[in-house]
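Asker: mind looking at a prediction? Sequence and model below.
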Amino acid sequence: MDSERFSASLTQIAPMHKPEADQHWKDFAAECVKSEQFVNFEVMEDKTLAAEKWLDAFCDAFLAVKKGLGEKAAESIINLSCEHGCLYPGEMMQAAVYLENGGDSKQIFPMIESGDIDPENLFRPMSRQKAEKYLSEAGIEIKKSVMEQLKSQPRAEQKKTAPKKSAEREL
């Protein structure tokens, strides 16, 4: 995906994201290529094409976050580039789940360094469920969804009641 299409995609994914975030992600893609980090470890001679492949991977991950957690979560991950830095696609869902559960964005990179946020695949986002499981296993408290909370509540005993009398009276 070229630079213009990338910016248009970000606007579509999270219309309220910070416009300056676009350039941070483009710079990160270029930095990855310059460091000879290629998507799926597939070395490419054409550096422009290699950077565009990173932009594709970032967009796929932003979309996965949006589908799994909503537009606001995708916006938070996109905007993270303006405050603290950029994430690899495989880290984004775990970071988004962490933020959704009241986590501090300043803690995301220390969590990556400590291994609390640890992607299965650096280039592809994981599902929300898998991200929640990984974070939970790392000792990070994850709030249950409303549906999960309702399902986990003990069922109330059903009491037998007398048949209801008709509202009509016989005359």
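Answerer: Now that the structure is in, tell me what you want to look at.
Asker: in stretch 63-78, which residues are buried?
Answerer: 64, 65, 66, 68, 69, 73, 74, 75, 76, 77, 78 (16 or more other Cβ atoms under 10 Å). Every residue, glycine included, has its C-beta placed from N, CA and C.
Asker: which of the helices or strands spans the second one?
Answerer: Taking DSSP states H and E as the criterion, the element that holds residue 65 is helix 47-69.
Asker: what angle sits between the next helix-or-strand element following that helix and helix 47-69?
Answerer: For helix 47-69, the following helix or strand on the C-terminal side (DSSP H and E) is helix 71-83. If you take axes from the mean of the first three to the mean of the last three Cα atoms, to 10 degrees, helix 71-83 sits at 140 degrees to helix 47-69.
Asker: check which helices and strands helix 71-83 is in contact with.
Answerer: helix 3-13, helix 21-34, helix 47-69, helix 89-100 (3 or more Cβ pairs under 8 Å, 6 or more residues apart in numbering; DSSP states H and E).
Asker: quick one: the third one to chain centroid distance?
Answerer: Helix 47-69 has its C-alpha centroid displaced from the chain centroid by 12 Å (Cα atoms, centre = their mean, to the nearest Å).
Asker: just use 161 as the starting number from now, easier for me
Answerer: All set: I'll call the first residue 161, so the last point we hit is now helix 207-229.
Asker: contacts for it?
Answerer: Helix 207-229 has contacts (Cβ atoms under 8 Å, 6 or more residues apart in numbering) with 161-163, 166, 169-170, 173-174, 185-186, 188-190, 192-194, 198-199, 202, 204, 233-234, 237-238, 249-250, 252-253, 256-257, 260, 283-285, 287-288, 291.
Asker: what about 6 Å?
Answerer: Around helix 207-229, the neighbours that count as contacts under Cβ atoms under 6 Å, 6 or more residues apart in numbering are 161-162, 166, 169, 173, 185, 189-190, 192-193, 198-199, 204, 233-234, 237, 249, 252-253, 256, 260, 283, 285, 288.
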